[in-house]
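Enquirer: What shape does this take:
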Amino acid sequence: MLRLSVLFLGICVTLGVGRLTTSGRDFLYNGQKVFLSGANIAWYSYGYDFGNGLYESNSKVTLETWLTMIANSGGNSIRQWVHVEGQNTPTYDNNGYVTSPDSTGTIIDDMRSFLDFAQSKNILVIFVLWNGAVLENQNTINLFYDDAKLQSYTDNALKPMVAALGDHPALAAWEIMNEPEGAILLNQVNDNPCFDTTPLANTDASWTGLTIPMENNLKFVNWQTHAIKETSPASLVTLGSWSEHAQYVQRTMGPQRTIQSTRLQPHPTDWISLW
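Expert: Got it, this is the predicted structure:
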């Protein structure tokens, strides 16, 4: 299991009635300045931790054990993946449209149970929706290209999840996608610097072999960000960025590529630390 420490020192925060907010460069919880320190759990069962009855039957005991370990080590935050590739959730119909968060209707209760336990351990949770570092499910890839299919996800899966969980005291933020740079089209010349990927030509971006134009990536992120903010205006939204050249990306494209987002998260990962 990969482990990634958040690059901030931590202090204890008691999670009662309230939520994580921002003020300038600071995180606040009920007006108290907090610094996030924790681990990237990522997953126990890749894409199969929540939904369709799998949390109770498969992941709950292990994930709660890990939360306890983090709390006992002084951690106050974790990063946990949700859909990942989209193999288990959300529910796609035969035409590739999203019809619900999951097929059996357990995912929201699963995520709430996870948040409840995290709250009991005074741990804040960042839920990561998708994984751009692999991205192999064609139904999920199609969301980048088909506006109607992307809209079906925001309307039928994302908004119900946010409406149910957006005010939970243990929810730190929604992360739209892990490392979208893994699937972008390189060497794309565009007069709009937000869409021009020529500065990344000599990097290792696009390691998945996919060639999704930057404009499509931005739409994918921004539509979901808008859906979250429309449903739960106080929710924090973030994006997990590949670490190499992250400073350049943030400086030249950050505000445009993460409209309404609160933070960009670069990933200086220690490869590979095991629990």
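Enquirer: going forward, measure contacts between C-alpha atoms and count neighbours the same way
Expert: Fine.
Enquirer: beta partners for Trp174?
Expert: Phe127, Val237 (DSSP bridges).
Enquirer: and it, what does it touch?
Expert: Residues near Trp174 by CA atoms under 8 Å, 6 or more residues apart in numbering: Ile126, Phe127, Val128, Leu129, Ser235, Leu236, Val237, Thr238.
Enquirer: and these, which two are the farthest apart?
Expert: Spatially, the most separated pair among the contacts of Trp174 is Leu129 and Ser235, at 14.5 Å (CA to CA).
Enquirer: now the helices: where do they sit in the chain?
Expert: 54, 60-72, 107-120, 138-142, 147-153, 159-165, 214-231, 246-257 (DSSP state H).
Enquirer: helices and strands around the third one, which ones?
Expert: In this structure, helix 107-120 makes packing contacts with helix 60-72, strand 124-131, helix 159-165, judged by 3 or more CA pairs under 8 Å, 6 or more residues apart in numbering; DSSP states H and E.
Enquirer: I'd say Asn76 and Ser37 touch.
Expert: Yes - assessed by CA atoms under 8 Å, Asn76 is found in contact with Ser37 at 5.7 Å.
Enquirer: Please identify which of the two sits among more neighbours.
Expert: Applying other CA atoms under 10 Å to Asn76 and Ser37 shows that Asn76 carries more neighbours, namely 29 against 22.
Enquirer: How about the more buried one: what's its closest non-neighbour residue?
Expert: Nearest non-adjacent residue to Asn76, counting by CA to CA, 6 or more residues apart in numbering: Ile123, 4.4 Å away.
Enquirer: Burial check on that neighbour, number of neighbours?
Expert: For Ile123, the neighbour count with other CA under 10 Å is 31.
Enquirer: and if you look at Cys194?
Expert: 17.
Enquirer: repeat for Pro101
Expert: Neighbour count for Pro101, taken as other CA under 10 Å: 27.
Enquirer: Who are the contact partners of the residue nearest to it when sequence neighbours are not counted?
Expert: Among residues not flanking Pro101 along the chain, Ala157 sits closest, at 4.2 Å (CA to CA, 6+ apart). Residues in contact with Ala157 (CA under 8 Å, 6+ apart) are Pro90, Val98, Thr99, Ser100, Pro101, Asp102.
Enquirer: Quickly note the distance from the last one to Ser206.
Expert: What it means is Asp102. Taking CA to CA, to the nearest Å as the measure, Asp102 falls 29 Å from Ser206.
Enquirer: likewise the fourth one?
Expert: In this structure, Ser100 and Ser206 are 30 Å apart, going by CA to CA.
Enquirer: for the fifth one, same thing?
Expert: According to CA to CA, Pro101 stands 28 Å off from Ser206.
Enquirer: Where does pLDDT dip in this protein?
Expert: Low-confidence segments of the chain, defined by pLDDT under 70, span residues 1-13, 243-275.
Enquirer: picking up where we left off before, among the helices of the chain, which is nearest Asp26?
Expert: Using CA to CA, the helices of the chain put helix 246-257 closest to Asp26, at 17.9 Å.
Enquirer: before we move on, the earlier item: which one of the contacts of Ala157 is nearest Ile228?
Expert: Of the contacts of Ala157, the one sitting nearest to Ile228 (CA to CA) turns out to be Pro101, at 14.4 Å.
Enquirer: Pretty sure that closest one sits against Leu158.
Expert: Yes - taking CA under 8 Å as the definition, Pro101 is a contact partner of Leu158 at 7.1 Å.
Enquirer: Alright, that wraps it up for me.
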